[in-house]
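Student: My questions concern the predicted model and sequence given below.
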Amino acid sequence: DTGVSQDPRHKITKRGQNVTFRCDPISEHNRLYWYRQTLGQGPEFLTYFQNEAQLEKSRLLSDRFSAERPKGSFSTLEIQRTEQGDSAMYLCASSYNLAGVIAFGPGTRLTVT
Amino acid sequence: KNQVEQSPQSLIILEGKNCTLQCNYTVSPFSNLRWYKQDTGRGPVSLTIMTFSENTKSNGRYTATLDADTKQSSLHITASQLSDSASYICVVNNQAGTALIFGKGTTLSVSS
């Protein structure tokens, strides 16, 4: 296992289209997080899963955003009816427990034109 | 309000020099504090994790300190290298552990 992977690495879409991103965490990690990062800012929390259960969602996660982790392994983040303000780096992270290393993936760069 | 403030916002140093980055936080209750290095266009990479009882932790040329009483942390980089050029982000866990409060980062540029 080489770490957290994300796909795609880059996505360019037109406003109004739907996009879906995938995250594959480190295999033994039961916790999975999604963050959004805009230029010059630190990552902002979007949502958190423990196994397949979505335990926390940020108010940043509008009803256009939905995240799933159906089998407690990989996760998907879908954005419906994309807006230009959705352009950002979407980061996925995973961890084994609360105190350990939280490993981040390389991110998916979304550009909405 | 839980906040993490980092200073300076950006820093330019010559290769081989040392530097210290600062992090002040108001997160309460506190669980742990993490420093990450983030190269441009990449995900953050963990450097150190410190709990309430730890005052210092090293990872190679990186040394982090924590003063939980004053709610301050620093990251000291010795003998800087060109590859140290990146954004360094301070992250604080609240006691529940689910919320990571990120600072905006310090952008370090190491020049030859």
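Tutor: That came through, no problem.
Student: How about the least confident helix or strand in chain B by mean pLDDT and chain A, touching?
Tutor: Least confident helix or strand, chain B: strand B:100-102 with a mean of 86, by mean pLDDT, DSSP states H and E. Yes. For strand B:100-102, a contact with chain A is found by C-beta under 8 Å from any C-beta of the partner chain, at B:Leu100, B:Phe102. Yep, even glycine has a C-beta here, placed from its N, CA and C like the rest.
Student: so what's the backbone phi/psi at B:Ser83?
Tutor: The phi and psi torsions at B:Ser83 (degrees, to the nearest 10) take the values phi -70, psi -10.
Student: Contact residues of chain B facing chain A?
Tutor: Contacts of chain B with chain A, taken as C-beta under 8 Å from any C-beta, map to B:4, B:31-32, B:34, B:36, B:41-46, B:49, B:51, B:89, B:91, B:93, B:97-100, B:102-105.
Student: Next step: those restricted to strands.
Tutor: Taking DSSP state E as the definition of strands, the residues of chain B next to chain A contribute B:4, B:31-32, B:34, B:36, B:45-46, B:49, B:51, B:89, B:91, B:93, B:100, B:102.
Student: how close does the most centrally placed residue in chain A sit to chain B?
Tutor: Centroid-nearest residue in chain A: A:Trp34, 3.4 Å away (criterion: C-alpha atoms, centre = their mean). Counting by C-beta to the nearest C-beta, to the nearest Å, the gap from A:Trp34 to chain B is 12 Å.
Student: Same question for A:Ser27.
Tutor: Taking C-beta to the nearest C-beta as the measure, A:Ser27 and chain B are separated by 18 Å.
Student: circling back to that earlier point, reformat the ones in strands among the residues of chain B next to chain A as CSV; add distance to B:Lys17.
Tutor: Conversion of these to CSV gives the following (distance: C-beta to C-beta, whole Å):
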residue, distance to B:Lys17
B:Val4, 26
B:Ser31, 33
B:Asn32, 29
B:Arg34, 25
B:Tyr36, 22
B:Val45, 22
B:Ser46, 24
B:Ile49, 26
B:Thr51, 30
B:Ile89, 21
B:Val91, 25
B:Asn93, 31
B:Leu100, 31
B:Phe102, 27
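Student: Give me the packing partners of the lowest-mean-pLDDT helix or strand in chain A, helices and strands only.
Tutor: Taking all helices and strands of chain A together, the one with the lowest average confidence (mean pLDDT, DSSP H and E) is strand A:53-57, at a mean of 89. Here strand A:53-57 is seen to pack against strand A:44-50 when contacts are counted using 3 or more C-beta pairs under 8 Å, 6 or more residues apart in numbering or on different chains; DSSP states H and E.
Student: Paired strands for the strand it packs on, with orientation please.
Tutor: Strand pairing for strand A:44-50, determined by DSSP bridges: strand A:31-37 (antiparallel), strand A:53-57 (antiparallel).
Student: Identify, out of the ones you listed, the most deeply packed stretch.
Tutor: Greatest average neighbour count among the strands paired with strand A:44-50 goes to strand A:31-37 (a mean of 24), per mean count of other C-beta atoms under 10 Å in any protein chain shown.
Student: How far away from the center of its chain is the least confident helix or strand of chain B?
Tutor: Strand B:100-102 has its average C-alpha position 12 Å from the chain's average C-alpha position, going by C-alpha atoms, centre = their mean, to the nearest Å.
Student: Mind checking the pLDDT average for the following helix or strand past it?
Tutor: Per DSSP states H and E, the first helix or strand lying C-terminal to strand B:100-102 is strand B:106-111. Looking at strand B:106-111 alone, the average pLDDT works out to 97.
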